[in-house]
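Q: this one's sequence-less:
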């Protein structure tokens, strides 16, 4: 199991120093998200200013862009990073796709299947120097590629694709067509063991692969600190974040796995009223014990490894690494996970 970190730099000028520090601290990969910023622009800087660390999106929103536009960006990042780039994609939800991006929402899993197949067809075309491009589907069709629009050849055309998802159909699609799955941070070991992995394995079987051919990555809700006061402050922030996720119907399956399904409707109602404080009060200490890992920085590495052994191949903490803050603790953690 590898320890990764997220990058949430609002100012692109901060990225080079953050990326260098993350690599020097020993993280195995650095992930960006489309959350208030473009998810790809920081990775250009990460690729330029690092040599070892892997880099990827967790996630980039698929349906806001054509597969062709996505392919050009992914191809350039794969070449610039010399094969360290991982393309992580997600569907988002209907409201954001239609009302924030102005794109029609259509059956997400069949459409995502074609999106991935399209990307593979485009990458294959480019790897062969722009040979004939042909992909025909219900949602996407590609049949034109000329030398002028074919990007320069490089040796990293087999770009790993991860997709993010919660429901069984996305997990199966990931196993069938992708190199990995970004499991949502709002999860539990039971949900991963009894829901995610069995559905991933159904997809893997369909493609003639096994679990060793596939990576499951996630961000873990970690409640950590150097003392009791820091841990309590961390607990309050995590409780609020879990309440936010659990208020969305998409994640009700994670609550249902532990008999907390009734909380979903209450949280949704409070979210609609803007009662953020009331939402946090719905997340009990019992729920925190199930959905989070807590402890001091000295304890947390061993606890995370014990919790996710055999379930995750990559894990990041829902605490962003910041150079100059707890550097010694982070270096100790990366050695625990990434020394081999």
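A: That came in fine, so what should we check first? Bear in mind that the values here come from a model prediction, so they are computed numbers and not experimental data. Numbering: from 1, shown residues only.
Q: In contact with the spatially most central residue of the chain, which residues are there?
A: Nearest to the geometric centre of the chain sits residue 58, at 3.2 Å (CA atoms, centre = their mean). Neighbouring residues of residue 58 by CB atoms under 8 Å, 6 or more residues apart in numbering: 6, 31-33, 88, 162, 164, 182, 217, 219. In this view, the C-beta of every residue, glycine as well, is placed from N, C-alpha and C.
Q: got the end-to-end distance for stretch 249-257?
A: Using CA to CA, to the nearest Å, the end-to-end distance of stretch 249-257 comes out at 14 Å.
Q: Buried ones in it, by neighbour count?
A: 251-252, 254-255, 257 (16 or more other CB atoms under 10 Å).
Q: Looking at the contacts of residue 58, which are in strands?
A: 6, 31-32, 88, 162, 164, 182, 217, 219 (DSSP state E).
Q: need those in CSV with neighbour count, can you?
A: Formatted as CSV, these follow (neighbours: other CB atoms under 10 Å):
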residue, neighbour count
6, 20
31, 27
32, 25
88, 25
162, 26
164, 25
182, 26
217, 24
219, 24
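Q: one step back: can you tell me which of the contacts of residue 58 is closest to residue 204?
A: Relative to residue 204, the closest of these is residue 162; by CB to CB it sits at 14.1 Å.
Q: thinking that closest one is in contact with residue 181, fair?
A: Yes: with contact defined as CB atoms under 8 Å, residue 162 counts as touching residue 181 (6.2 Å).
Q: Between these two, which contacts overlap?
A: Counting by CB under 8 Å, 6+ apart, the residues touching both residue 162 and residue 181 are 174, 215, 217.
Q: for the stretch 1-150 of the chain, what spans make up the strands?
A: When assigned using DSSP state E, counting those that start in this stretch, the strands of the stretch 1-150 of the chain occupy the ranges 2-6, 29-32, 54-57, 60-61, 85-90, 135-136, 141-142.
Q: Redo the ones you listed as JSON lines? Include mean pLDDT.
A: Output for the strands of the stretch 1-150 of the chain, formatted as JSON lines (pLDDT from 0 to 100):
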{"stretch": "strand 2-6", "mean pLDDT": "98"}
{"stretch": "strand 29-32", "mean pLDDT": "98"}
{"stretch": "strand 54-57", "mean pLDDT": "98"}
{"stretch": "strand 60-61", "mean pLDDT": "97"}
{"stretch": "strand 85-90", "mean pLDDT": "98"}
{"stretch": "strand 135-136", "mean pLDDT": "98"}
{"stretch": "strand 141-142", "mean pLDDT": "98"}
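Q: Excluding covalently adjacent residues, which one is nearest to the residue nearest to the centre of the chain?
A: Once flanking residues are discounted, residue 58 sits nearest to residue 31: 3.9 Å by CB to CB, 6 or more residues apart in numbering.
Q: what's in contact with stretch 193-206?
A: Defining contact as CB under 8 Å, 6+ apart, one finds that stretch 193-206 is touched by 168, 171-177, 181, 183, 187, 210-211, 213-214, 216, 253, 257, 311.
Q: Of the contacts of residue 58, which is the nearest to residue 103?
A: residue 164 (17.9 Å).
Q: what about burial for the contacts of stretch 193-206, which qualify?
A: With burial judged by 16+ other CB under 10 Å, the buried subset of the contacts of stretch 193-206 is 168, 171-177, 181, 183, 187, 214, 216, 257, 311.
Q: From those, pick the one nearest residue 136.
A: Nearest to residue 136 among the buried ones among the contacts of stretch 193-206, with distances taken as CB to CB, is residue 177, at 16.9 Å.
Q: Identify the residues contacting that closest one.
A: So residue 177 contacts 113, 116-117, 161, 203, 207 (CB under 8 Å, 6+ apart).
Q: how about it, phi and psi?
A: Per-residue torsions, residue 177: phi -120, psi -20 (degrees, to the nearest 10).
Q: any idea how far it is from residue 109?
A: Using CB to CB, to the nearest Å, one gets 11 Å for the distance from residue 177 to residue 109.
Q: do the same with residue 214
A: According to CB to CB, residue 214 and residue 109 sit 18 Å apart.
Q: can you check residue 98 too?
A: Residue 98 sits 17 Å away from residue 109, going by CB to CB.
Q: now do residue 215
A: 20 Å.
Q: between those two, which one's more packed in?
A: residue 215 (19 against 15; other CB atoms under 10 Å).
Q: Now the more buried one. Nearest residue, chain neighbours left out?
A: For residue 215, ignoring the flanking residues on the chain, the nearest one in space by CB to CB, 6+ apart is residue 180 at 3.7 Å.
Q: ok, now residue 321?
A: Residue 321 sits nearest to residue 5 (CB to CB, 6+ apart), 4.5 Å away.
Q: My read is that the one you found contacts residue 27, right?
A: Yes: contact between residue 5 and residue 27 holds when scored by CB under 8 Å: they sit 4.6 Å apart.
Q: okay, and the common contacts of these two?
A: Joint contacts of residue 5 and residue 27 (CB under 8 Å, 6+ apart) are residue 321.
Q: neighbour count winner among those two?
A: Between residue 5 and residue 27, residue 27 has the larger neighbour count (other CB under 10 Å), namely 27 against 24.
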